[in-house]
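Coordinates for the following, if possible.
(chains A and B)
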Amino acid sequence: AQSVTQPDIHITVSEGASLELRCNYSYGATPYLFWYVQSPGQGLQLLLKYFSGDTLVQGIKGFEAEFKRSQSSFNLRKPSVHWSDAAEYFCAVGAFYGGSQGNLIFGKGTKLSVKP
Amino acid sequence: DGGITQSPKYLFRKEGQNVTLSCEQNLNHDAMYWYRQDPGQGLRLIYYSQIVNDFQKGDIAEGYSVSREKKESFPLTVTSAQKNPTAFYLCASKFRDRGRRDTEAFFGQGTRLTVV
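Model (predicted):
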């Protein structure tokens, strides 16, 4: 079965420090992968996506992610974190579900706190 | 502006009452989804609909019902059979690109339901 694991429930980084959020997936074929961000009490906003091609993908707000097939990983990175990046981050894989394509399987999320 | 509108943002209901959450989109998307979010649980799929007049159960459909009479609308009813309905509910939609396997989902701002 398809699944997504985000090993870190909560991460705290200092403002200006680099960030890496981990995501591992289980999927039988080439996955479609996504990272979303959620501010408290809000919906989810797409940060970036991987469908095919270059394994390093650029997203909004200075985020990037690298697809590593050999490690079944799609880690999210940012070289310098800003206080406004504090939020919850979700990794998701596009999956077949009950014969219908296009349903997303989400990880449980990583909450990012930023220290001044 | 195109987008997904969920209403209301906050909803309070007495135990044993049915309640309907609204989700409307003007993105001309074919597919629509309902997710439930609980702290530390990520997003869990309740129901989804790929086309009008058709919908499928997700992972946690028990105690919920939906309809898809119009492309733009996908209301969710939380029935009295749902044992623990207090949660944050998110609606999403996707464009079905028949030349590709998946596309990104767009999310509404969510409805927080509290049952007392």
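
Can you mark which positions in stretch B:78-95 are buried?
Along stretch B:78-95, these residues count as buried under the neighbour rule (16 or more other CB atoms under 10 Å in any protein chain shown): B:V78, B:Q82, B:P85, B:A87, B:F88, B:Y89, B:L90, B:C91, B:A92, B:S93, B:K94. Every residue, glycine included, has its C-beta placed from N, CA and C.

Residue numbers of chain B in contact with chain A?
B:4, B:6, B:31, B:33, B:35, B:40-45, B:48, B:50, B:56-58, B:88, B:90, B:92, B:94, B:96, B:100-110, B:112 (CB under 8 Å from any CB of the partner chain).

how deep is B:Y35 tucked in, by neighbour count?
Per other CB atoms under 10 Å in any protein chain shown, the neighbour tally for B:Y35 reads 26.

Run through who's touching the helix or strand hosting it.
In this assignment (DSSP states H and E), B:Y35 forms part of strand B:31-38. If you take CB atoms under 8 Å, 6 or more residues apart in numbering or on different chains as the criterion, strand B:31-38 is touched by A:102-104, A:106, B:21, B:23, B:25, B:43-51, B:58, B:60, B:64, B:66, B:68, B:74, B:76, B:87-96, B:105, B:110.

ok now it, how far from the chain's centre?
4 Å (CA atoms, centre = their mean, to the nearest Å).

I'd like the average pLDDT over the helix or strand just after it.
Next in sequence after strand B:31-38, counting helices and strands by DSSP H and E, comes strand B:42-51. Taken as a whole, strand B:42-51 has a mean pLDDT of 92.

ok, back up a step: now the buried residues of stretch B:78-95 in a markdown table, with pLDDT and secondary structure?
A markdown table is the format used below for the buried residues of stretch B:78-95 (pLDDT from 0 to 100; DSSP: H, G, I helix; E, B strand; the rest coil):
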| residue | pLDDT | secondary structure |
| --- | --- | --- |
| B:V78 | 96 | strand |
| B:Q82 | 89 | coil |
| B:P85 | 94 | coil |
| B:A87 | 96 | strand |
| B:F88 | 96 | strand |
| B:Y89 | 97 | strand |
| B:L90 | 97 | strand |
| B:C91 | 97 | strand |
| B:A92 | 95 | strand |
| B:S93 | 94 | strand |
| B:K94 | 89 | strand |
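
quick one: B:G40 from A:Q6, how far?
11 Å (CB to CB, to the nearest Å).

okay, those two: which has more neighbours?
A direct count of neighbours by other CB under 10 Å for B:G40 and A:Q6 places A:Q6 higher, at 19 against 10.

With adjacent residues omitted, what lies nearest to that one?
A:G107 (3.8 Å; CB to CB, 6 or more residues apart in numbering or on different chains).

same deal with B:G2?
B:L27 (4.9 Å).

Okay, and the beta partners of the most centrally placed residue in chain B?
The geometric centre of chain B, computed from its C-alpha atoms, lies nearest to B:W34 (CA atoms, centre = their mean), at 2.5 Å. Assessed by DSSP bridges, B:W34 has beta-bridge partners B:Y47, B:C91.
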